[in-house]
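**Student:** fold the stuff below for me.
(one chain, ligands or ions: 1)
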Amino acid sequence: MSRVYNFSAGPAVLPEEVLKEAATEMLDYRGSGMSVMEMSHRSKVFEEILHEAERDLRDLMGIPDHYKVLFLQGGGNTQFAMIPMNLMKNGTADYIVTGQWAKKAYEEAKKYGNVKCIASSADQTYSYIPDCSDLPVDEDADYVYICQNNTIYGTLFHELPDTKGKTLVADVSSCFLSEPVDVEKYGVIWGGVQKNVGPAGVTIVIIREDLIRDDVYPATPTMLKYKTHADADSLYNTPPCYNIYICGKVFKWLKAMGGLEAMKARNEEKAKILYDYLDGSRLFKGTVRKEDRSLMNVPFVTGDQELDALFIKEATAAGFVNLKGHRTVGGMRASLYNAMPKEGVEKLVAFMRDFEAAHRQEG
Ligand SMILES: *Cc1c(COP(=O)(O)O)cnc(C)c1O
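**Tutor:** From the prediction side, this is the model:
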């Protein structure tokens, strides 16, 4: 067996310990005589898996009792519609557009009400986070929406926007569980798990109870109402059982690693290794304003498309895979999610140094 260093933006690297443990339980989950994939979602054994996963997530994030945790399907793109359908009372919402995912959420929300973009970084290819200290938040806004970590462009809201008292809704897909969060600053925190938490197919929604309503957008499908899933404790219909089980194992792994404070320290250390190298390099450079850099997704370029392509090819051959930047941006992107070991980043940087030395000579 040989494992690569996988820098994919998602689906992405998972902790090896989790994969190994799942492998040992594949044929017989703890004496049940079957795989978690084969069991009824109404069985006691699966209900325990689900409840334990929720308990561990609540512990990790310090989720207060007046927030519900929902394990849903449909991915991030379904949330782009569920958020406005469920949260608009006045039919008004404000969006901060800091990348492609925020823009998609904004465009989708327009279908359901009066939606405005109150800040954007599109003028500089989303390479920074706009000043959000004094935004023109609508008095009637039902919520203010952000994408907290911009997976494609590699920016992070290190500080949350001033929403002037309005409910904050955040897509945290690509920074989920990467550092501690103060849940009470948000009305809704949601993320697709396939970036930093687990296998594609689960979307976790953490929502303050007073935002869960029956009087949602007219003709909202039953499956797209948060209330449906909240009332049924995420068992309204068959949930993605196996994927939830893997998420639960990742939560246990995070707890064993020391929780989110420890993950933050580890993630900062890893990101610093790459950013410090980029800042000193004469070949590679980061594309994001320094104070807005993501700890999770690090885009960089050489400035020469052919050289970028050669780098990606040679890196792949050396076992550093999925470094190609998003198709809309080009260049490279290294995603350094929780499960990427520090050693992977150190070895990548050593490889980049060698590449730089070889190509500076030519140039
Ligand atoms: C990947 C991603 C999405 C889209 O998720 P899907 O599950 O593919 O719909 C949305 N938001 C962010 C921040 C992402 O990284």
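**Student:** using the three-state scheme, assign residue 119.
**Tutor:** What DSSP: H, G, I helix; E, B strand; the rest coil gives for residue 119 is strand.
**Student:** residue ranges in the stretch 151-300 of the chain under the pLDDT threshold?
**Tutor:** Judged against pLDDT under 70, the stretch 151-300 of the chain has no low-scoring part.
**Student:** all helices for it, in order.
**Tutor:** Along the stretch 151-300 of the chain, counting by DSSP state H, counting those that start in this stretch, helices occupy 226-231, 241-256, 259-280.
**Student:** the ligand is nearest to which of those?
**Tutor:** helix 241-256 (12.1 Å; C-beta to the nearest ligand atom). For glycine as for every other residue, the C-beta is placed from the backbone atoms N, C-alpha and C.
**Student:** what's in contact with the closest one?
**Tutor:** Contact partners of helix 241-256, identified using C-beta atoms under 8 Å, 6 or more residues apart in numbering, comprise 14-15, 17-18, 21-22, 35-37, 39, 41, 46, 49-50, 52-53, 56-57, 59-60, 71, 177, 193, 197-202, 204, 260, 263, 338.
**Student:** the same query, at a cut-off of 6 Å, please.
**Tutor:** Here helix 241-256 makes contact (C-beta atoms under 6 Å, 6 or more residues apart in numbering) with 15, 17-18, 36-37, 41, 46, 49-50, 52-53, 56-57, 60, 71, 193, 197-199, 201-202.
**Student:** just the strands in the stretch 1-150 of the chain please.
**Tutor:** Ranges of strands within the stretch 1-150 of the chain are 5-6, 67-72, 92-97, 114-120, 144-147, 149-150, based on DSSP state E, counting those that start in this stretch.
**Student:** distance to the ligand, mean neighbour count and mean pLDDT added to the ones you listed, as JSON lines?
**Tutor:** Below are the strands of the stretch 1-150 of the chain laid out as JSON lines (distance: least, C-beta to the nearest ligand atom, whole Å; neighbours: other C-beta atoms under 10 Å; pLDDT from 0 to 100):
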{"stretch": "strand 5-6", "distance to the ligand": "16", "mean neighbour count": "20", "mean pLDDT": "98"}
{"stretch": "strand 67-72", "distance to the ligand": "11", "mean neighbour count": "22", "mean pLDDT": "98"}
{"stretch": "strand 92-97", "distance to the ligand": "13", "mean neighbour count": "24", "mean pLDDT": "98"}
{"stretch": "strand 114-120", "distance to the ligand": "16", "mean neighbour count": "18", "mean pLDDT": "98"}
{"stretch": "strand 144-147", "distance to the ligand": "5", "mean neighbour count": "28", "mean pLDDT": "98"}
{"stretch": "strand 149-150", "distance to the ligand": "6", "mean neighbour count": "28", "mean pLDDT": "98"}
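**Student:** out of the ones you listed, nearest to residue 343?
**Tutor:** Nearest to residue 343, of all the strands of the stretch 1-150 of the chain, is strand 5-6, at 8.5 Å by C-beta to C-beta.
**Student:** and that closest one, which strands flank it?
**Tutor:** strand 320-321 (parallel) (DSSP bridges).
**Student:** average pLDDT for the partner strand?
**Tutor:** Summarised as a single mean, pLDDT over strand 320-321 is 98.
**Student:** which ChimeraX command selects the buried ones in the contacts of helix 241-256?
**Tutor:** Buried members of the contacts of helix 241-256 can be picked out in ChimeraX with the line below, counting by 16 or more other C-beta atoms under 10 Å:
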select :15,18,36,41,46,49,50,53,56,57,60,71,193,197,198,199,201,202
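**Student:** dump the helices of the stretch 151-300 of the chain to TSV, plus distance to residue 28.
**Tutor:** What follows is the helices of the stretch 151-300 of the chain, written out as TSV (distance: least, C-beta to C-beta, whole Å):
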stretch	distance to residue 28
helix 226-231	30
helix 241-256	14
helix 259-280	31
